[in-house]
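Novice: could you look at this predicted model? Sequence included:
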Amino acid sequence: MVKLTIDNKPVEVAEGTTILKAARQAGINIPTLCYFELDGMKFENKPGGCRVCVVEVEGRKNLAPACATDVMEGMVVHTHSARVINARKTVVELILSDHPNDCLQCSKSGDCELQTLAQKLGIREIPFKGEQSTYKKDSTLSVERDMDKCIMCRRCETMCNKIQSVGALSAVNRGFEAVVSPAFDQPLSESSCINCGQCVQVCPVGALSLVDNVADVMKAIADPTKTVVVQTAPAVRVALGEEFGMEPGSIVTGKMAAALRRLGFNYVFDTDWSADLTIMEEGTELLGRIGKVLGGDKTAKLPIFTSCCPGWVSFYEKNFPDMLEYPSTAKSPQQMFGAVAKNYFAEKIGVKREDMVVVSIMPCLAKKSEAAREEFKVNGNPDVDFSLSTRELAHMIKQCNLNLNDMPDEDFDSPLGESTGAAVIFGATGGVMEAAVRTAYEVFTKKKLDNIDFEVLRGFDGVKTATVDFAGTPINVAVVYGLNNARIIMEEVRDGNPRGFHAVEVMACPGGCIGGAGQPYHHGDSSIIRKRMEATYREDAGKPIRKSHENPSIIAIYKEYFGEPCGHKSHELLHTHYFDRSKKVEKE
Amino acid sequence: MATIKLSESKIKTIKDICKSFDNKSGEVINVLHQVQGAFGYLPAEVQEVVAMELNMPVAQVYGIVSFYSFFTMQPKGEHPISICLGTACYVRGAEKVLDEFKRQLNINVGETTKDGKFSLNCLRCVGACGLAPVVMVGDKVYGRLTPDNVKDIIAEYNN
């Protein structure tokens, strides 16, 4: 242990601790900008570049960056001396001197770490005038880049390379021209980007933002010829409240349904309903493959990988084109819902496909790109027309002068609104696997599960493995989030699957969809994501039905429409196929 | 994602160089150094193949190529022109000579003329300060230059 003094307070911390962390342990907050940590998720961006966290260390000539300086025995640190504040101000003034002065129009205004810092330091003018760097604006279907606003903190680069191993972004050029960019200044859409959007979630400023589709949805609602149907993903209900000042972990399912109705959506449905449908299809597919493998069929591939996460789907299409038979062919809940809404439901209410607009509310930015995939369109008309993120829904509610706090609790509409606890937990890492196990166990063994809470599949670890006893047949499962974790498992499976996994759940984002790129900004506070996770399991525990195959409306639609899981009609509407989207070298 | 097209012999050259460094991503700077030595420059397709061979993102390879001024993505001209901007040459008017080359060739520093004949680069001191300002064309050194000499030097290589 090392003893030191920070702001006259004696502090004792482990050797190798930085001044920043020592101060935080002692309840002293040193402001940071480039530094970013997602506690417990092995994400630490520490370039020591911005110098906002400088502190005065007695006996040391220069100010020290607290994020990158280890504590020493007897150190005396001052975090807010006049010299420190002066230096901090100058640092922020210099950053602002090469930053567009457009806070009023910036999508990040009010949620911007640079703006907050400038306000905190009381900066009222920028004494440094000079050239400003300008770059081409760029956009995929999910992510917008405006690098004029980039402050070179390089959080996005760390996220893209270290956590996701996507490698779309890198710092390029040098000096004043330095910027984070795809190779050769290509558009992001032509790079290895998979639209997970985690770069947006960690960007402190407005350099990386989402593609805003609120106006498209408002237009559809205003069009009297359109029937507008909305579906809301499991993770949205445990995060939306934060945008309205509620405590993280508040569950706002009923208030959200009420707000959506007041916004003018004709039918307020639930993606949880199609999550139950996903379990029926994916669970059946898993049992089918296990059966085939046990029966000696060499064409059947194990493990089966989940296919709900569109960032993950793009990732394996781009990086593992030789393993496209492994993932489940089941569409994601968003796309299953779209297909059911525009076929089954449109028929039922007598609305033509072209006159129905399906909107999804997602914790995700990749869902925007997923909805635009060609294979999810019929004659150019997509199953899901627009995908809005949790943040966009919050903006839409505010734009219409509604306050979520004032909403009554209302129910979803029938028939695509009824769901179980198994669907709710789709939002957290491990949830899809737990939901699948609850159903697959009972279908496979024809016995009731005594305890349906699979604690071993829960929690914040990036990689979890477990063996579930299916009445004498051991089923090996893995649950991962973060695409680098997924890459490691994929490579292990390619090398012969030595741990004998039968099923693997993959989510791209930290903690699963609850930490998605479309969720309210967490600014590195992982306790927010943890509270969303606790809320998810609370919502599950409070549901009267907690297994997908017991959802009465799911049972009914199989009886009325689909026949059986993985049957002919299911294959037509609820399953998909994958494409080799890898980069190829061709000889000229 | 796009398809990268490159001649078989170039692909082989890159693969051989990468292999000589055990395809280690940590050796990327050395690999790029040798690949540029072989081709004279590092076009995008070449960087793509280097990235694949070293199993690293091409964005990072490009990050390195765009950071170090030694690396270039422009092919060098048949006659590479290097203008010394070291202290002695600079104070004796090297910048005016450089401007005249830019004007006559209609290219900027780091670029190559459309016909591929000339490329323009700057360097710092060739150890001939007594002849300042100094220009090299290929291996040939020209000293004590004024902007008026530029036309004649270019004409020498244009026949």
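Specialist: Okay, I see it.
Novice: quick check: next helix or strand after the host helix or strand of A:A422?
Specialist: Taking DSSP states H and E as the definition, A:A422 sits inside helix A:421-424. Sequence order places helix A:431-445 as the next helix or strand after helix A:421-424, per DSSP H and E.
Novice: in that next one, which residues are buried?
Specialist: Across helix A:431-445, burial judged by 16 or more other Cβ atoms under 10 Å in any protein chain shown covers A:431-444. All C-beta spots, glycine's among them, are computed from the backbone N, C-alpha and C.
Novice: and the contacts of the helix holding A:A422?
Specialist: Contact with helix A:421-424 is made by A:234, A:270, A:272-273, A:275-276, A:279, A:333, A:431, A:434-435, A:438-439, A:536, A:539-543, A:545-548, A:551, as judged by Cβ atoms under 8 Å, 6 or more residues apart in numbering or on different chains.
Novice: strands paired with the worst-scoring helix or strand of chain A on mean pLDDT, and their directions?
Specialist: Within chain A, no helix or strand scores below strand A:584-587, which has a mean of 86 by mean pLDDT, DSSP states H and E. Looking at strand A:584-587 with DSSP bridges, its partner strands are strand B:3-6 (parallel).
Novice: tell me the contacts of residue 2?
Specialist: No chain in the question, so chain A it is. Applying Cβ under 8 Å, 6+ apart to A:V2 gives the contacts A:E12, A:V13, A:A14, A:E15, A:T17, A:V71, A:M72, A:E73, A:M75.
Novice: sorry, I should have been clearer: chain B.
Specialist: A:E190, A:K583 are the contacts of B:A2 under Cβ under 8 Å, 6+ apart.
Novice: what about A:D70, how many neighbours?
Specialist: Using other Cβ atoms under 10 Å in any protein chain shown, A:D70 has 15 neighbouring residues.
Novice: of the contacts of A:V2, which pair is most distant in space?
Specialist: The span of the contacts of A:V2, defined through Cβ to Cβ, is set by A:A14 and A:M75 at 14.1 Å.
Novice: more crowded one of the two?
Specialist: With neighbours defined as other Cβ under 10 Å, A:A14 and A:M75 compare such that A:M75 has more, 21 against 11.
Novice: so what sits opposite the residue nearest to that one when sequence neighbours are not counted in the bridge?
Specialist: Leaving out its chain neighbours, the residue that sits closest to A:M75 by Cβ to Cβ, 6 or more residues apart in numbering or on different chains is A:L4, at 3.9 Å. When bridges are taken as DSSP bridges, the partners of A:L4 come out as A:V11.
Novice: might you name the residue of chain B sitting closest to chain A?
Specialist: Using Cβ to the nearest Cβ, B:P57 is the residue of chain B that sits closest to chain A, at 2.5 Å.
Novice: pLDDT score assigned to that residue?
Specialist: On the pLDDT scale, B:P57 is placed at 96.
Novice: need the contact list for it.
Specialist: Taking Cβ under 8 Å, 6+ apart as the criterion, B:P57 is in contact with A:N161, A:V166, A:G167, A:A168, A:S170, A:A183, A:S192, B:A51.
Novice: any idea how far the residue nearest to A:S389 when sequence neighbours are not counted is from A:V357?
Specialist: Excluding its sequence neighbours, the residue lying closest to A:S389 (Cβ to Cβ, 6+ apart) is A:G518, at 2.7 Å. Note on A:G518: its distance to A:V357, by Cβ to Cβ, to the nearest Å, is 19 Å.
Novice: those two: who's more crowded?
Specialist: Neighbour tally, A:G518 and A:V357, criterion other Cβ under 10 Å: the higher count belongs to A:G518, 30 against 25.
Novice: hmm, A:Q334 and the more buried one touching each other?
Specialist: No - with contact defined as Cβ atoms under 8 Å, A:G518 does not reach A:Q334; the gap is 12.0 Å.
Novice: mutual contacts of the two, please.
Specialist: A:M362, A:K367.
Novice: B:P43 contacts B:M73, doesn't it?
Specialist: Yes - counting by Cβ under 8 Å, B:M73 is a contact partner of B:P43 at 6.0 Å.
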